[in-house]
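S.K.: Could you work out the structure for the sequence below:
(2 chains)
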Amino acid sequence: AQSVAQPEDQVNVAEGNPLTVKCTYSVSGNPYLFWYVQYPNRGLQFLLKYITGDNLVKGSYGFEAEFNKSQTSFHLKKPSALVSDSALYFCAVKGGGSTLGRLYFGRGTQLTVWP
Amino acid sequence: DTGVSQNPRHKITKRGQNVTFRCDPISEHNRLYWYRQTLGQGPEFLTYFQNEAQLEKSRLLSDRFSAERPKGSFSTLEIQRTEQGDSAMYLCASSLDSGLQETQYFGPGTRLLVL
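M.R.: Numbers count the residues shown, from 1 in each chain, chains lettered A, B, ... in the order given. Presented below is the predicted three-dimensional model:
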């Protein structure tokens, strides 16, 4: 069965500092991993994905994520946080086999960047 | 580029009433997904369509729920005899079936409150 864990409900960071939002996964088969961001009263916006290839994936708005197979992790990172990055972040893994289409989401991590 | 649109954005109804939501996917996207998101949780998969065919349904989709995509374009999600536990954000996503490279793009959601 596929699942995602986001161990931190909240992450607080000062503007200009690096940020990390953690995600670990459990899948049968190859992992296909995604990060989405959700602003208040909005849908989810796609940030980046890992399918195969380089372990460091670059995405929108300066975000990147590092895939680590041995640790089954896919942490989201940004070298210098902005106040406008404050939002709810979701990690997701794609299903395998007969559930190939669906995404399995974590519970989300609320990121707050303070000035 | 017109994104995924959903209507209505908000719906308040009384317990026992029927409600219907509409989703218009990104043009030419052949896959369409429905998810449900409750407070403090990540989105949970409900069902998805490839063109007009409904290919998978979650166990969350009780017999009070029905989804259609009659012409392979827009989709409707109907909830009959609503219950207070149906209160949630209902999210629609669409994608172009491109195998492993598939990325789902989400609409703004319909927030349902059942009184």
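S.K.: ok, the most centrally placed residue in chain B to chain A distance?
M.R.: Nearest to the mean C-alpha position of chain B, by CA atoms, centre = their mean, lies B:Trp34 at 3.1 Å. Note on B:Trp34: its distance to chain A, by CB to the nearest CB, to the nearest Å, is 10 Å. C-beta coordinates here come from the backbone N, C-alpha and C atoms, glycine included.
S.K.: so which helix or strand takes in that residue?
M.R.: Element membership for B:Trp34, per DSSP states H and E: strand B:31-37.
S.K.: Whichever helix or strand comes after that strand pairs with which strands?
M.R.: Later in the chain than strand B:31-37, the nearest helix or strand by DSSP H and E is strand B:44-50. Its sheet considered, strand B:44-50 pairs with strand B:31-37 (antiparallel), strand B:53-57 (antiparallel) by DSSP bridges.
S.K.: Mean neighbour count, the ones you listed: which tops it?
M.R.: Highest mean neighbour count of these: strand B:31-37, a mean of 24 (counted as mean count of other CB atoms under 10 Å in any protein chain shown).
S.K.: so B:Cys92 sits in a helix?
M.R.: No - membership of B:Cys92 in a helix is not supported by DSSP: H, G, I helix; E, B strand; the rest coil, which gives strand.
S.K.: Count residues in the vicinity of it, would you?
M.R.: By the criterion of other CB atoms under 10 Å in any protein chain shown, B:Cys92 has 29 neighbours.
S.K.: cool, B:Phe21 as well?
M.R.: Each residue near B:Phe21 was counted by other CB under 10 Å, and the total is 21.
S.K.: who touches it in this structure?
M.R.: Going by CB atoms under 8 Å, 6 or more residues apart in numbering or on different chains, B:Phe21 touches B:Gln6, B:Asn7, B:Pro8, B:Lys11, B:Thr76, B:Leu77, B:Glu78, B:Tyr90, B:Cys92, B:Thr110, B:Leu112.
S.K.: restrict those to those near chain A?
M.R.: Among the contacts of B:Phe21, the residues within reach of chain A (CB under 8 Å from any CB of the partner chain) are B:Gln6.
S.K.: In chain B, which residue sits closest to chain A?
M.R.: For chain B, the residue closest to chain A is B:Gly42, as judged by CB to the nearest CB, at 3.1 Å.
S.K.: Hmm, that residue is touching A:Ala92, no?
M.R.: Yes - shown here, B:Gly42 and A:Ala92 form a contact pair, counting by CB atoms under 8 Å, at 7.5 Å.
S.K.: Pull up the overlap in contacts between the two.
M.R.: Shared contacts of B:Gly42 and A:Ala92 (CB under 8 Å, 6+ apart): A:Val4, A:Phe105, A:Gly106.
S.K.: of these, closest to A:Thr72?
M.R.: Nearest to A:Thr72 among the shared contacts of B:Gly42 and A:Ala92 is A:Val4, at 10.1 Å by CB to CB.
S.K.: Sounds good, over and out.
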